[in-house]
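Q: got a predicted structure here, sequence first:
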Amino acid sequence: MHFQLALTLQAIWTAVCHAAMQHYPAAWGHYDVCKSQVYSEDGLTWDYMACQPEAADMTQYLKVSLDPPNITCGDPPETYCALENPYMCNNECDASTEELAHPPELMFDIEGRNPTTFWQSSSWKKYPKPLLVNITLSWHKTIELTDDIVLTFESGRPEQMVLEKSLDYGRTWQPYQFYATDCLDAFTMEPKTVQDLTQHTLLDIICTEDYSRGYVWKYDKTVRFEIKDRFALFAGPRLHNMASLYGQLDTTKKLRDFFTITDLRIRLLRPATGATMVDENNLSRYFYAISDIKVHGRCKCNLHANSCVYDKEKLSCECEHNTTGPDCGRCKINYQGRAWSAGSYLPIPKGTANISPVCDDELLRCQNGGVCVNNARCNCPPEYSGLLCEKSRCDSEAAGCGSRESGQPPLTPPSPCGLLTLLLLGSALLREAPCWPAAL
Ligand SMILES: [Ca+2]
């Protein structure tokens, strides 16, 4: 009867586990579960899976800095004229008056307000010396871009600019894309668009004229770096085949790194002039103003975390799979028996945590002849029990060694009481333990 009850409980547990398995989203791109409990022939164990945090608006977590630092308008106060109408000079900037100030934070506030809020630079007073501004966005954390970077200009889009990225916290920079009204003239590059790219040239850095042209700037204010169009080269036009993209990301480090950043830098090289000649008598028409910057991405956690926390102005992954570090980039102390490695999107459909060959808990070895199975539990000899087979079964059983004397091995699957205890206590205990006994 006990055995029947055990089977029933096992059936219930299997059903529960199966229900938990259904939690995996069928669609690619989520990976929101890092591990789940499964009941197998060997008992209750953890099933580890590749996981990653949800994509989010990353502008809430960045630090912005400008170079030159005093390039923001309003100190001293200045009056600006409209680009399309030099006689319309009612744009006043005064850093000491809140309503008239245009600090950098206004590039990241919540839009939808009317009038639009924006950062604005000083005007091009020193023409013909170039009006150069670097806007650096720093996360102090590696993040993976998941959507287009979109800049919205209120001043007319610049005639020349470069978007750059860093993967090493701003020590070195690489261009992401060049933007110009005339690519050949500005950068001696042939103009291209993202549509010219193929799977083989996806990593090419191009100069585009798509976002600089046009005097009708009031209706065309955005400058993009097209992430989704690049994803689509592998995932299809509507990103319906993310499996293909993730497969590529898994196997091609360069591709993965391409979408990974710690910092972005917008190098503004020449403001909109709206005409072939710069009007030297009215340089108050030329400046940069940006109302919004969109950067969507997720913390890079090497597929070892499904959440990322922002604490003390710092992002860090909440690591699973016995890993640690801001990016889950190394094994936890005492879990360094084997070399660290990133999780994998493969195999389809849920990916692997790569935990087995990753982090071996050297200090929690199974004792008394127990064998560690898949780094998940200790398979104890019949006469021992406990997390690490450290308990003699005779000591732990109230009835002494009755079961041994009768020559019967311990019940497999575990006794109903043991299983109930597992059900009740297992969740909390298993979180801490890489190894788990075959039976209590
Ligand atoms: Ca704004």
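A: Cool, got the structure.
Q: rest of the way, CA atoms for contacts and neighbours
A: Noted.
Q: the residue in the stretch 301-440 of the chain that the ion sits nearest to: what's it in contact with?
A: Nearest residue of the stretch 301-440 of the chain to the ion: E313, at 21.3 Å (C-alpha to the ion). With contact taken as C-alpha atoms under 8 Å, 6 or more residues apart in numbering, E313 is in contact with Y61.
Q: could you do L106 as well?
A: T117, F118, W119, S291, D292.
Q: that one: what secondary structure?
A: Classification of L106 by DSSP: H, G, I helix; E, B strand; the rest coil places it in helix.
Q: not counting its neighbours along the chain, what's nearest it?
A: Leaving aside its sequence neighbours, L106 sits nearest to F118 (C-alpha to C-alpha, 6 or more residues apart in numbering; 4.9 Å).
Q: wait, what's in contact with that neighbour?
A: H102, P103, P104, L106, M107, E154, A289, I290, S291, D292.
Q: which ones among the residues you listed are found in strands?
A: Applying DSSP state E to these, the entries found in strands are A289, I290, S291, D292.
Q: show me what contacts the second one?
A: Neighbouring residues of I290 by C-alpha under 8 Å, 6+ apart: M107, F118, W119, Q120, L151, T152, F153, E154, S155.
Q: for the last one, same thing?
A: Each residue near D292 by C-alpha under 8 Å, 6+ apart is listed here: L106, M107, F108, D109, E111, F118, V150, L151, T152, F153.
Q: once you drop chain neighbours, what's closest to the last one?
A: Which is F153. Using C-alpha to C-alpha, 6+ apart, the closest residue to F153 is I290 (4.3 Å).
Q: what does the model give that neighbour for pLDDT?
A: We have a pLDDT of 96 for I290.
Q: what about it, distance to E98?
A: 17 Å (C-alpha to C-alpha, to the nearest Å).
Q: only the buried residues of stretch 259-267, if you could.
A: F259, T260, I261, T262, D263, L264, R265, I266, R267 (16 or more other C-alpha atoms under 10 Å).
Q: who does the fifth one bridge with?
A: It stands for D263. S138, S166 (DSSP bridges).
Q: how far away is it from Y61?
A: For D263, the distance to Y61 - C-alpha to C-alpha - is 12 Å.
Q: what is in contact with these two at once?
A: Counting by C-alpha under 8 Å, 6+ apart, the contacts common to D263 and Y61 are W139.
Q: now do the contacts for the most centrally placed residue in the chain.
A: Taking C-alpha atoms, centre = their mean, the centroid of the chain lies closest to R298, which sits 2.2 Å from it. By C-alpha under 8 Å, 6+ apart, the residues touching R298 are P53, E54, A55, A56, M58, I143, E144, L145, T146.
Q: what does the chain have sitting close to the ion?
A: Counting by C-alpha under 5 Å from the ion, the chain comes close to the ion at L106, M107, D109, T117, F118, S291, D292.
Q: can you do 6 Å?
A: L106, M107, F108, D109, E111, T116, T117, F118, S291, D292 (C-alpha under 6 Å from the ion).
Q: buried subset of these as a ChimeraX selection?
A: Per 16+ other C-alpha under 10 Å, the buried members of the residues of the chain next to the ion correspond to this ChimeraX selection:
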select :106,107,108,109,117,118,291,292
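Q: which pair in the residues of the chain next to the ion spans the largest distance?
A: The distance between the two most remote of those (C-alpha to C-alpha) is 11.6 Å, for F108 and T116.
Q: give me the common contacts of these two.
A: Between them, F108 and T116 share the contacting residues S291, judged by C-alpha under 8 Å, 6+ apart.
Q: what segments of the protein are helices?
A: Using DSSP state H, the helices found in the chain span residues 2-21, 183-187, 227-235, 242-251, 253-258, 393-396, 402-405, 416-430.
Q: and the first one, what's its mean pLDDT?
A: Okay, so that is helix 2-21. Mean predicted confidence for helix 2-21 is 39.
Q: same question for the last one.
A: The average pLDDT for helix 416-430 rounds to 33.
Q: quick check, E144 in contact with V295.
A: No: if you go by C-alpha atoms under 8 Å, E144 and V295 don't touch, sitting 10.1 Å apart.
Q: the residue nearest to L106 and M88: what is the separation?
A: If you go by C-alpha to C-alpha, the gap between F118 and M88 works out to 19 Å.
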